[in-house]
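J.: okay, sequence plus prediction incoming.
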Amino acid sequence: MPAVKSNRPVNLSMGQVLDVNLKSPVAIASILHRLSGVIVFLLVPVLLWLLDKSLSSPEGFAQVQAIFGGFIVRFIVWVFVAGLLFHFIMGIKHLLADLGFAEELQSGRIAATIALILAAISVVASFVWIVL
Amino acid sequence: MKSATGLTGSGSRDWYIQRVSAVVLAVYTVVVLGWILCNVGFNYEQWFGFMMTLPMKILSLLAVLSLVAHAWIGMWQVFTDYVTTRQMGPSASGLRIVLTSAVIIAVIAYAIWAIQIFWAN
């Protein structure tokens, strides 16, 4: 329990939370940075399996090529790659802010907007490349 | 030590490791994705010849060790923000330690698997 009793509202309704945050590119970038990190973490075993199989032998490599013919594996790999690219771009923005770039309110909003646009392009481009 | 389940028990050290590991993982992402993009349609010999060179084996090991730290710290942050007593009631503490422990075991298993892939043969 906090030492000082505070009357701040801490349990805002999801509607209020979304109402405020969906207007902010900074908030959207932040929550999707987290979400993409969780997704990448969860899909690492799939990629490790593909890596393991593809490096094990020419036969294993051919097996990986064969399952890439199927939609499901390509889709899962795309989710991983899209999540990774999203997380990568937001991470660069974060590291730049740590170095003192675009950490003010207005510059932060601009940086978040640019990062979201670049991330959206990466997500679509990787879909075209991997799934289609 | 304020937290038994964070990676280092120090906020500033976790902060620092999160950034160093991010840079290693970013470099690894650029190198591997870059190679794949430059060698579309590659065969087994090319793939094995690239990934199993000593520099790539070392970079891969660095990347997976970075992943252990990065995912541990990142997932710990997510759980300590959302799986809280304030939001979920008294069951949150128990659930959080189960989730955090699962993440720690998972990332160590990832590392062992990656070491087996790159260094066992």
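T.: It's in.
J.: give me every residue in chain B lying close to chain A.
T.: Taking CB under 8 Å from any CB of the partner chain as the test, the list of chain B residues beside chain A reads B:19, B:22-23, B:26, B:29, B:33, B:43-44, B:47-48, B:51-52, B:67, B:71, B:74-75, B:78, B:86-87, B:103, B:110, B:113-114, B:116-117. All C-beta atoms are positioned from the backbone trio N, CA, C, and that covers glycine.
J.: buried members of the residues you listed into PyMOL, please.
T.: Remark: buried members of the residues of chain B next to chain A, expressed as a PyMOL selection using 16 or more other CB atoms under 10 Å in any protein chain shown:
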select buried, chain B and resi 22+26+29+44+47+48+51+67+71+74+75+78+103+110+113+114+117
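J.: of the residues of chain B next to chain A, which belong to helices?
T.: With helices defined by DSSP state H, the entries of the residues of chain B next to chain A inside them are B:19, B:22-23, B:26, B:29, B:33, B:44, B:47-48, B:51, B:67, B:71, B:74-75, B:78, B:86-87, B:103, B:110, B:113-114, B:116-117.
J.: burial count for A:Glu104?
T.: 12 (other CB atoms under 10 Å in any protein chain shown).
J.: same deal with the one 4 residues further on?
T.: The local packing of A:Gly108 (other CB under 10 Å) involves 18 other residues.
J.: pull out the buried residues from the helix or strand hosting it.
T.: Here A:Gly108 sits within helix A:105-130, counting by DSSP states H and E. Buried residues in helix A:105-130, counted by 16+ other CB under 10 Å: A:Gly108, A:Ala111, A:Ala112, A:Ala115, A:Leu116, A:Leu118, A:Ala119, A:Ser122, A:Val123, A:Ser126, A:Phe127, A:Ile130.
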